[in-house]
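# Quick one, what's the 3D model for this:
(2 chains)
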Amino acid sequence: MVSKIVKVTNEQGMHMRPASIMSQTVTPFTSSVKVIFNGNTYDAKSVMMLMSACIKCGAEIELQCDGPDENDALDAAVKLIESGLGD
Amino acid sequence: MLQEGRYTMYQGIAASRGIGIGSICVIVDHELKYDPVKITDIDAEKKRFQDAVAKFTETTSVMADDIRNRIGSKEAEILEGHLVMISDPTMSGEMEKMIVSGQCAEASVEAVCDMFIGMFSKMDDDMMRQRASDISDIKISLLKILLGIHDIDIRTVAPGTILVAKDSDTFHDFTNH
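Purely as a prediction, here's the structure:
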């Protein structure tokens, strides 16, 4: 299992479009991809779960990946968040 | 209602000034009622639900394309968002799990949607609270498909048709689209 803490920098946070892009990015990986925020764990492959986390601009989240391609999954997720989630 | 000879007169409140003579199109508000029966044929109920989701997806895609072409991409995003939400494993996946546990499709749709509506409507973020309204729209659309309720597409009504509805809110909704 691998993980990294990243900061959400896009202005509107994890609203519909960024959540959708995040989900589309990590779903193809076999590993589970979780977002840990405010003491709760959310499935990053689910747009609804990502939105329900109510993650705003400036929030620090932990990305956690577990499985055979966990390093690739984590790299992809981190890169996406650090680039502004497509916003 | 007054009956005189072969004529029947209905009285109401005029929404437009003047007199019109033409065909009548009655816009009916449907109640989304169903019997929450326990399902015994799970496979058949799952298929019924999946067909409803497919129909919802097809109809919403067509509407989104129409709005994108007629008005713009930004306006089409709301409907595109509906498509994203219904295809999410936590939405349709959870609805299917409930069907497998014996709930009818209507009850499953309502339960999962109401759960998310409750969740999003409590958030301290305007955009997230808007999602509650989107999920409500999805719920109503899916229930109508499952219950076999067809709404009139006002865009296909011939010019000169007289619209009749129970309340002015219905007209407000239609004239704004």
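
# now the strands for the chain?
In the absence of a named chain, this looks at chain A. For chain A, applying DSSP state E gives strands covering A:2-7, A:32-37, A:40-43, A:60-66.

# Please refer instead to chain B.
Secondary structure of chain B by DSSP E: the strands cover B:2-4, B:7-9, B:24-27, B:162-165.

# Which residue comes closest to the residue nearest in space to the middle of chain B once chain neighbours are left out?
Closest residue to the average C-alpha location of chain B: B:S141 at 3.3 Å, with C-alpha atoms, centre = their mean. Among residues not flanking B:S141 along the chain, B:F56 sits closest, at 5.6 Å (C-beta to C-beta, 6 or more residues apart in numbering or on different chains). Quick note: C-beta positions are derived from backbone N, CA and C, even for glycine.

# Spit out the contact partners of the one you found.
B:I86, B:I138, B:S141, B:L142, B:I145 (C-beta atoms under 8 Å, 6 or more residues apart in numbering or on different chains).

# Now do the same for the first one: its pLDDT.
The reference is to B:I86. Looking at B:I86, its pLDDT is 95.

# ok, now the third one?
Model confidence at B:S141, expressed as pLDDT, equals 94.

# What of the second one?
B:I138 carries a pLDDT score of 95 in this model.

# Distance-wise, check it relative to chain A.
B:I138 sits 11 Å away from chain A, going by C-beta to the nearest C-beta, to the nearest Å.

# Run a quick neighbour tally on that residue.
Burial of B:I138 is recorded as 22 neighbouring residues (other C-beta atoms under 10 Å in any protein chain shown).

# got the contact list for it?
Shown in contact with B:I138 (C-beta under 8 Å, 6+ apart): B:F56, B:H82, B:M85, B:I86, B:C113.
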